[in-house]
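In: Mind looking at a prediction? Sequence and model below.
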Amino acid sequence: MKKAFIKSYGCQMNVYDSGRMADVVAQHGYAETGTAEDADLVILNTCHIREKAAEKVYSELGRLRALKRERAEAGQDTTIVVAGCVAQAEGREIIRRAPVVDAVVGPGSYHRLPDLIRNAQARQKGVDAEFDQVEKFALLPKPDAARIRGRGISAFVTVQEGCDKFCSFCVVPYTRGAELSRPVAAILDETRALIEGGIREITLIGQNVNAYHGEGPDGAAWSLARLIRAVAEMPGIRRIRYTTSHPRDMAEDLLAAHAEVPALMPYLHLPVQAGSDRILKAMNRRHGADEYRRLVDRIRAARPDIALSSDFIVGFPGETEAEFEETVRLAAEIGFASSFSFKYSPRPGTPAAEIAAQLPDEVKDARLVRLQAQLEADRQAFNRATIGRVLDVLIEKAGRHPGQMTGKTPYLQQVQVNGCEAAPGDMVAVRITGTATNSLFAEPVDPGRTGAPLVAAA
Ligand code: 5AD
Ligand code: SF4
């Protein structure tokens, strides 16, 4: 049997798409392999969000060139495909720069992957960067629940793709196209199959997931909240999450879902990017710092124990020291449980890349160090605050030590549970006993009790 190696860079949308691509090529006779060395087909599912991410693909292609040559000498053919957001943004340029590449396919065209591969193998290099999301989801084979369950008890389901917000720093509207919501029925069918296959946690994903407005079976546009409530009804589901959200789209019914739907986890990734009103305006975020603060107050009023996480960009063009300090202040005030922070990276074709006042790298470096110190302190404080609490842990797999199982709290913290006999997919009530840099330690409250989740984490 032929083998395919698919490597995913960037966000969860790509992780999901890589899975869908694995299913397409499986239908055409390729079994998945974990290494490029024995692969007849290599697909790099790339990310264009920052320059560093985009450049990674070219260094990987350098390695693959040597590999392809070695395999050719041994009489084996290797087909190399670049997929994802670099494929969308750079198209044919990729083949010019890296002739080792046989085909380039953007995120809207994965249903046409088999044709591209066939053509490539007939020595016809192809580039497909059309936006055909509707067809893509309709024509791709249904996700293989057994393959997904083989990777764990948690799965992503893409509900929405693309973005119409046009933040001035961001390539996503160009690489993923306009906002498109999948129909409710398709999402629920996929989710049901995953749960029947043993998946216990579903994360609904989209570049702008809370802007979801897919067509429901009743013909009406459903909100994300309504979709969440429908998923929560499915027997066997234990946890629901969603990501990534835009502050402008935190609708009232979504806050109500956080208050009322027990399976919806008290965790929200709500990127703020910056704490200065002037910078937020220049970023075209369409909200100010105080609006974000008030929104957080409302979210916390709806679900008092909710954990928040965020993305930050430091060194946006023209950002002054004082403006940067406002970002640190906002972060400290909110107290994020977890965060991702980045140096601003100018991206071709985005408005912010055209601003004259680009900042030197040293300034961005220094600001990133300073912000990350704050964010890390807040994360550790959040983790320490859970010591002594009783929390539900959804068990994922065996831990590093005998008798230990590992899983996650509702707040997405990784926990090592000692003396635990539960199996993957079980929910265990534990008492948090300590913290390390990247995980918590815990003991089962009642070693015999698994399965039934606590109604509320005390
Ligand atoms: N430079 C740096 N970070 C960026 N992000 C998006 N575009 C850029 C850029 N040009 C960050 C944002 C976003 C996350 C996915 O990546 O913080 O929320
Ligand atoms: Fe990277 Fe954005 Fe594309 Fe995800 S959608 S792979 S983060 S550029």
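Out: Thanks, I have the structure now. Ligands and ions are numbered 1, 2, ... in the order given.
In: Can you tell me the closest non-neighbouring residue to Thr158?
Out: Tyr16 (5.0 Å; CB to CB, 6 or more residues apart in numbering). Where you see a C-beta, it was placed from the backbone N, CA and C, and this is true even at glycine.
In: need the residues of this protein near ligand 2, please.
Out: 10-11, 13-14, 47-49, 84-85, 171-172, 175-176, 207 (CB under 6 Å from any ligand atom).
In: ok, and the residue in the stretch 51-200 of the chain positioned nearest to ligand 2, which helix or strand is that part of?
Out: Closest to ligand 2 within the stretch 51-200 of the chain is Cys85: 3.3 Å, counting by CB to the nearest ligand atom. Counting by DSSP states H and E, the element that carries Cys85 is helix 84-90.
In: Equivalent analysis for Arg300, please.
Out: Judged by DSSP H and E, Arg300 forms part of helix 289-302.
In: got the buried residues for that helix?
Out: Neighbour-count burial for helix 289-302, with 16 or more other CB atoms under 10 Å as criterion, is recorded at Ala289, Tyr292, Leu295, Val296, Ile299, Ala302.
In: Please pull up the helix or strand immediately following that helix.
Out: strand 307-314.
In: which ones are touching Ala146?
Out: Applying CB atoms under 8 Å, 6 or more residues apart in numbering, one finds that Ala146 lies in contact with Gly197.
In: That one: helix or strand, and which one exactly?
Out: helix 145-151.
In: In its sheet, which strands sit next to the helix or strand just after that helix, and in what direction?
Out: With elements assigned by DSSP H and E, the helix or strand that comes after helix 145-151 is strand 154-158. With DSSP bridges as the test, strand 154-158 is paired with strand 201-205 (parallel).
In: show me what contacts the residue of the stretch 51-200 of the chain closest to ligand 2?
Out: Residues near Cys85 by CB under 8 Å, 6+ apart: Gly10, Asn14, Thr46, Cys47, His48, Ile49, Gly106, Pro107, Val171, Val172, Thr175, Arg176.
In: Closest to ligand 1 out of the residues you listed?
Out: Ile49 (5.0 Å).
In: Was I right to think that closest one contacts Val172?
Out: Yes - when contacts are counted by CB atoms under 8 Å, Ile49 is listed as touching Val172 (7.5 Å).
In: Now do the strands in the stretch 151-300 of the chain.
Out: 154-158, 160-161, 180-181, 201-205, 239-243, 267-269 (DSSP state E, counting those that start in this stretch).
In: just how off-centre is the fourth one within its chain?
Out: On the basis of CA atoms, centre = their mean, to the nearest Å, strand 201-205 is displaced by 10 Å from the centre of the chain it belongs to.
In: what angle separates that strand from strand 239-243?
Out: Strand 201-205 and strand 239-243 are oriented at 20 degrees to each other (axes from the mean of the first three to the mean of the last three CA atoms, to 10 degrees).
In: What segments of the stretch 351-458 of the chain are helices?
Out: Per DSSP state H, counting those that start in this stretch, the stretch 351-458 of the chain carries helices over the ranges 361-385.
In: Tell me where the model's unsure across it.
Out: In the prediction, the stretch 351-458 of the chain carries residues with pLDDT under 70 at positions 447-458.
In: Counting neighbours, what do you get for the residue of the chain found nearest ligand 1?
Out: Per CB to the nearest ligand atom, Asp311 is where the chain lies closest to ligand 1, at 3.3 Å. Residues within reach of Asp311, counting by other CB atoms under 10 Å, total 14.
In: That one touches Leu270, doesn't it?
Out: No - shown here, Asp311 and Leu270 do not form a contact pair, counting by CB under 8 Å, at 9.1 Å.
In: Pop the domain breakdown of this protein in here.
Out: Domain assignment for the chain by automatic domain parsing gives 2-133, 142-265, 266-384, 390-444.
In: got the contact list for Leu295?
Out: Contacts of Leu295 (CB under 8 Å, 6+ apart): Pro247, Met250, Leu270, His287.
In: Relative to ligand 2, how far out is the first one?
Out: Read that as Pro247. Separation of Pro247 from ligand 2 (CB to the nearest ligand atom, to the nearest Å) stands at 18 Å.
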